[in-house]
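Trainee: okay, sequence plus prediction incoming.
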Amino acid sequence: MRKNYTRRKFIERTLGAGAVIAGAQMTFFQNAATEISEKGVDNQYNPKGLPTSVLGKTGVIIPRIAIGLGSRFLNIPTLDEALEMCNYALDNGLYYWDTAHSYVNTATGAVSEERLGHIIKSRRREIFLSTKVAARDPEKAKLEIEESLKRLQTDHLDMLKIHSVESPEDVNDICKSGGVLDLISKLKEEGVTRFIGFSGHGNVLALKAMVDTGRFDSMLFAMNHYDADKESRQETLIPSAKQREMGIMLMKTVRPKETIPGLDIKELVRFALSLEGPNGIAVGMDSKKVVDSNLNLLRNFIPMNSDEKLKYAMILSPYFRHENLDWMKNGYHDGYWV
């Protein structure tokens, strides 16, 4: 932790100027009800009483936890068990589903999008559906997107993200004339997807460059920490995205448990949900028990106070210096698990 990373600076940066704590019930949830009067919102979905947020300029009301449908989901042994979990989650208000073309278990042959398609074909209107395209060549990307739609058994997406932005050079490739960004922008105009976004892991400069194009509706990135570096997520990335009214979603929020002994998963989620700025977090789930755990956390959520967040920030600081973190290294690509 840097020497000038003081308790006062942490509180100022995390709470924001003028934030007021009204006992334990003070929350950093961007409650959708308070935003309805300020912008048009899409309330076609049913959060079943769960805390919600408006996903930036999309106007879509989302539950604060989205289901990440990657490695954990693909490790569910049978299709029937996977579908049972997803239907249960949807029945209880978890309707933001985040998948990707490359979410494949190469050992078992399980494909995330194909599994989801069995439910989507009959419950499409109930689901805010997000997938990702990995290819940087526009023609290959188009084929990926076509395959995703076929697997998902739908003719349209709610969110289409460019997967795993890795570096400033990658941004240049994505954003060049005739590149993948132009492709997905055209697909948005044609109604193939309602919104477009991107995901990324470790390179803040690359992620901010994507934000600064002003062409995206939302972003999904790795964070469960307080980053005191100059080019940090709190200092530069999140404010830039908020200025452009982008939706902001976090991922990898429970991954610190893999390298720091003794961490409580519930507290990691609670920490992430207490950060100012993000609309919600994507959490991998692999059973109805895990779904219930997340539902209970949302229904009984009490945000961390400044002292609790400072404690967790100190614990997570060494973890987030890229030690033993393959997913934080440049060149990491999410998907295709064994």
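Mentor: Cool, got the structure. None of the values given here were measured: they were computed from a predicted structure.
Trainee: tell me the helices and strands packed up against the one helix or strand A66 maps to.
Mentor: Assigning secondary structure by DSSP states H and E places A66 in strand 65-68. Judged by 3 or more C-beta pairs under 8 Å, 6 or more residues apart in numbering; DSSP states H and E, the packing partners of strand 65-68 are strand 96-98, strand 280-284, helix 288-299. In this view, the C-beta of every residue, glycine as well, is placed from N, C-alpha and C.
Trainee: contact partners of the lengthiest helix in the chain?
Mentor: Across the chain, the longest stretch assigned as helix under DSSP state H is helix 138-152. For helix 138-152, contacts defined as C-beta atoms under 8 Å, 6 or more residues apart in numbering pick out 99, 101, 111, 113-114, 116-117, 120, 129, 131, 133-135, 155-157, 160, 178-180, 182-184, 187, 192.
Trainee: those residues in helices, which ones?
Mentor: Members of those lying in helices (criterion: DSSP H): E113, E114, L116, G117, I120, V180, D182, L183, I184, L187.
Trainee: tell me the spacing between the nearest residue to the second one once chain neighbours are set aside and Y103.
Mentor: What that stands for is E114. Of all residues not flanking E114 in the chain, R151 sits nearest, at 4.7 Å (C-beta to C-beta, 6 or more residues apart in numbering). Taken as C-beta to C-beta, to the nearest Å, the spacing of R151 relative to Y103 amounts to 10 Å.
Trainee: looking at these two, which has the bigger crowd around it?
Mentor: Legend: neighbour count by other C-beta atoms under 10 Å for R151 and Y103, higher for Y103 (27 against 19).
Trainee: just give the nearest non-adjacent residue to the more buried one, would you?
Mentor: S112 (3.6 Å).
Trainee: ok, back up a step: quick one, which of the helices and strands packed on strand 65-68 gets closest to I61.
Mentor: strand 96-98 (9.9 Å; C-beta to C-beta).
Trainee: what residues are up against N75?
Mentor: N75 sits in contact with N105, D286, where contact means C-beta under 8 Å, 6+ apart.
Trainee: how does it look with 10 Å?
Mentor: Going by C-beta atoms under 10 Å, 6 or more residues apart in numbering, N75 touches A82, N105, A107, T108, A110, G284, D286, W337.
Trainee: likewise K57?
Mentor: K39, G40, F195, F216, D217, S218, R244, E245, M246, G247.
Trainee: give me the buried subset of those.
Mentor: Burial by neighbour count, 16 or more other C-beta atoms under 10 Å: within these this picks out F195, F216, D217, S218, R244, M246, G247.
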